[in-house]
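*Asks:* Fold the following.
(chains A and B)
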Amino acid sequence: MESLSETLWDVVIEGTGLRQSLLALALSRSDKKILHVDQHDYYGSAEAAFGLQEADEWVGNVAADSLTLPFRNASLWKAGVYGDERLSFSRAYALSLSPQIVYSTSQLLAQLVSSKVYKQLEFQAVGTWWIYDSSAIDASPSLRRIPNGREDIFEDKSIDLRAKRSLMKFLKFVVDYQSSPETWEPHATSSLPDFLSTQFKLPPHLQTVIIALALSLETPDNTTVSYSLPRIARHLTSIGVLGPGFGAVLPKWGGGAEIAQVACRAGAVGGGVYVLGTGVKDASTDADGSSDVTLSNGEVVKTKLLLRDVSSGVPSDAVIAVSRIIAVVSTSLLPLFESTIEGAPLSAVSVVVFPPNTLSTSDTANTHPIYIMAHSNETGECPGGQSVLYATTLYSSNRKALLKIAIDSLLLSTQNAADAVLYSLHYEQTAPSFGIANPLDLAFDDRMLEDVKCDWKKVVGEVDAKFMRFEDWAGMNNEQVDGDCDY
Amino acid sequence: MADSTPKPSSSVKLVLLGEAAVGKSSLVLRFVNNDFQENKEPTIGAAFLTQKCNLPTRTIKFEIWDTAGQERFASLAPMYYRNAQSALVVYDLTKPTSLIKAKHWVAELQRQASPGIVIALVGNKLDLTNEAGASNSLGDDAESDAADGEDVDGDARKVSTAEAQSYAEEEGLLFFETSAKLGTNVTEVFTAIANAIPETSLKGIRGPGAAAAPARTEDPSRVNLTGPRDSASKEGCAC
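*Replies:* The predicted structure is shown next:
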């Protein structure tokens, strides 16, 4: 094994989560000497995606409390052994620990394009949104489609004319909310439902729809106007940007995990050295400002800069947490993914929102919204005829039971039996409450790119370099070389 | 295109595997550019290269993925193996440990890659043996010298043809001994792979000019980030 200690590194990057991987990508043409390590033997850190066997191992590690922050309390249930007629073999699955959709207007997509790595990724549409409605007294609970743009609203016969006018007025305001601060700034810290009802006279059932679009993990009463408006605007202005009928995308084969792998490969192509299964154990700063970094394999390396993975060392008293269930189900859930918009691609991901108080156990109802991101087998995360449900809610009492009920309710309201669940992985994920970008957000948080840029500047200095803007590698395109091999 | 009846063309992803410094990149450089660099630095700077291979009835366009050094500390990502229809597992026939490593990579491919993947085992650096330049390295006399060890008549071979060949047969691999330096057997390896890829696994859109990546077509959910331009630029490279 070659030695890492002979090199004076410009930077040692710890962790291969999305943030660190994007940094590696940003530095991939910098000619800096980069050592990129991860204590885990897989790429992606908190954004990793697992086959079933890897997930088994991971659950064991979380139980043993070994190197698995920000995760805790993992447990799993499965209907049978891997590779039998129900669950397929381990690698037929890619279960994503931190599933996030990416809005079409996100700078992440722009940067993946300008850095050229998008060519190694496949993006799929997140186009259908549903809201779980248990309010009808004379009917069983059902999923209602969330209107996908103005035409949809006009055609929605369930909305009366007056409500429609109010809704259109609000939509017109929100897509350009920054131009009319007088409308919302006095109410910036008010709750969103209050604002919608007092300022726009929206009836409660339409408020629920608008609130759903904010993808807030908090209760509506704790969801502020200043938090929600940019998120609702992002949702609405993203629709149609990359094609008709959808406003968000997801990379195939495991979402952020796939971006992390592709970004790290770009780092390696640029000369970065990759060592998995090796973490940073200790670091001390020398007189000259460089660091001696002791790796978990005992090797000591010298670097001008060390960037630690902060997510793996979160103090337990300053965190927010979500509870998640990843469920593999034995149904394609096809109706969920079909769009009503002409020319729209088939959705690979559908978002189902369960507003507060729509689900209940024997003694409690859900105080917080529950979100299920349904991933079809088109995502490559499961075999044909199955789908993966990612259920998330803010950490609260009875959260695990409520997440299960949400999954069962989704199956029942799509005419599937609750025994369609083949596999269920439950865990909790924490995040520092002081960070800029929120890793628990259900949609990719663009502020992470600011963090990446900030780290990038620490490495390259305040030079005039262009962030994430690269040409294709020189000499690689040999289309013009007519070096056919003969038979 | 000069052909009166254009042949169907398909893209095939090929991944390189093998211990560091066995000549993975050199083989590709010889195949793609018909070039060789002595004392080449470890691989930097190419995410993948493309090269066409004309067969009598079809054209195979290889998308050749280099490890970018990520094999050195066992840090290759699953995406590297994804949708690979063929693999070149390279060892250095003057270095027995590199064959052991090659066997490890074959096992890894059987674990990680698509079931029908075509794997070629390649013993490189034939120029360091005294059969250098032989047009067919698989002749009988290659075996007898090998067991004798090094430095006989300047022969640095340490892995006999027979040993590697019988392993390859057991595992159902294509087998070649090559010299990237002299160009011996290099084109033959790629042509053999191209021939071995079953027609049924070529999912690319048939017909000339169709830019189709392997197993990526007809995806009803696929979204294009850059608009129609993308399909043209996909012909080139990616990084």
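
*Asks:* Could you give the number of residues near residue A:30?
*Replies:* 18 (other Cβ atoms under 10 Å in any protein chain shown). The C-beta positions use only the backbone N, C-alpha and C, and glycine is treated the same way.

*Asks:* Provide the secondary structure category for it.
*Replies:* Here residue A:30 is recorded as coil under DSSP: H, G, I helix; E, B strand; the rest coil.

*Asks:* pretty sure it contacts residue A:272?
*Replies:* No: between residue A:30 and residue A:272 there is no contact under Cβ atoms under 8 Å: 9.6 Å.

*Asks:* so residue B:32 is in which element?
*Replies:* According to DSSP states H and E, residue B:32 maps onto helix B:24-33.

*Asks:* ok so, going back, need the overlap of contacts for residue A:30 and residue A:272.
*Replies:* Counting by Cβ atoms under 8 Å, 6 or more residues apart in numbering or on different chains, residue A:30 and residue A:272 have no contacts in common.

*Asks:* Need the phi and psi values for residue B:60.
*Replies:* When read as degrees, to the nearest 10, the backbone of residue B:60 gives phi -110, psi 130.

*Asks:* which residues sit in contact with it?
*Replies:* Each residue near residue B:60 by Cβ under 8 Å, 6+ apart is listed here: B:9, B:10, B:12, B:52, B:53, B:194, B:197.

*Asks:* Spatially central residue for chain B, please.
*Replies:* residue B:88 (3.3 Å; Cα atoms, centre = their mean).

*Asks:* burial measure for residue 224, as a count.
*Replies:* Picked chain A for this. Counted with other Cβ under 10 Å, the neighbours of residue A:224 add up to 19.

*Asks:* I was thinking of chain B, sorry if that wasn't clear
*Replies:* The number of residues near residue B:224, taken as other Cβ under 10 Å, comes to 15.

*Asks:* Quick check: the gap between it and residue A:456.
*Replies:* 28 Å (Cβ to Cβ, to the nearest Å).

*Asks:* quick one: low-confidence parts of chain B?
*Replies:* B:1-5, B:39-47, B:132-153, B:203-218, B:227-239 (pLDDT under 70).

*Asks:* Neighbouring strands - and their directions - for the lengthiest strand in it?
*Replies:* For chain B, the strand reaching the highest residue count under DSSP state E is reported as strand B:9-18. According to DSSP bridges, strand B:9-18 forms sheet pairs with strand B:59-65 (parallel), strand B:86-92 (parallel).

*Asks:* any idea which of these is most buried?
*Replies:* strand B:86-92 (a mean of 27; mean count of other Cβ atoms under 10 Å in any protein chain shown).

*Asks:* what's the farthest-apart pair in the contacts of residue B:60?
*Replies:* Largest separation among the contacts of residue B:60 by Cβ to Cβ: B:52 and B:197, giving 13.9 Å.

*Asks:* For the residue nearest to the centre of chain B, give me its contacts.
*Replies:* The neighbours of residue B:88, taking Cβ under 8 Å, 6+ apart as the test, are B:14, B:15, B:16, B:17, B:18, B:24, B:27, B:120, B:122, B:189, B:193.

*Asks:* how near is the closest residue to the fifth one other than its chain neighbours to residue B:20?
*Replies:* The reference is to residue B:18. Using Cβ to Cβ, 6 or more residues apart in numbering or on different chains and skipping the chain neighbours, the partner closest in space to residue B:18 is residue B:90 (3.6 Å). Distance of residue B:90 to residue B:20, computed by Cβ to Cβ: 11 Å.

*Asks:* now the helices for the stretch 351-487 of chain A?
*Replies:* A:399-413, A:447-460 (DSSP state H, counting those that start in this stretch).

*Asks:* now the helices: where do they sit in the stretch 1-150 of chain A?
*Replies:* Remark: helices assigned in the stretch 1-150 of chain A by DSSP H, counting those that start in this stretch are A:18-26, A:52-63, A:107-114, A:150-155.

*Asks:* got CSV for these, with mean pLDDT, distance to residue A:189 and mean neighbour count too?
*Replies:* Formatted as CSV, those follow (pLDDT from 0 to 100; distance: least, Cβ to Cβ, whole Å; neighbours: other Cβ atoms under 10 Å in any protein chain shown):
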stretch, mean pLDDT, distance to residue A:189, mean neighbour count
helix A:18-26, 97, 29, 27
helix A:52-63, 93, 37, 17
helix A:107-114, 96, 27, 19
helix A:150-155, 76, 29, 13
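
*Asks:* Among the ones you listed, single out whichever gets nearest to residue B:80.
*Replies:* helix A:18-26 (14.6 Å).

*Asks:* Point to the residue nearest the middle of chain A.
*Replies:* residue A:100 (1.4 Å).

*Asks:* how far away is it from chain B?
*Replies:* When distance is defined by Cβ to the nearest Cβ, to the nearest Å, residue A:100 is 16 Å away from chain B.

*Asks:* ok, and the closest non-adjacent residue to that residue?
*Replies:* residue A:444 (4.7 Å).
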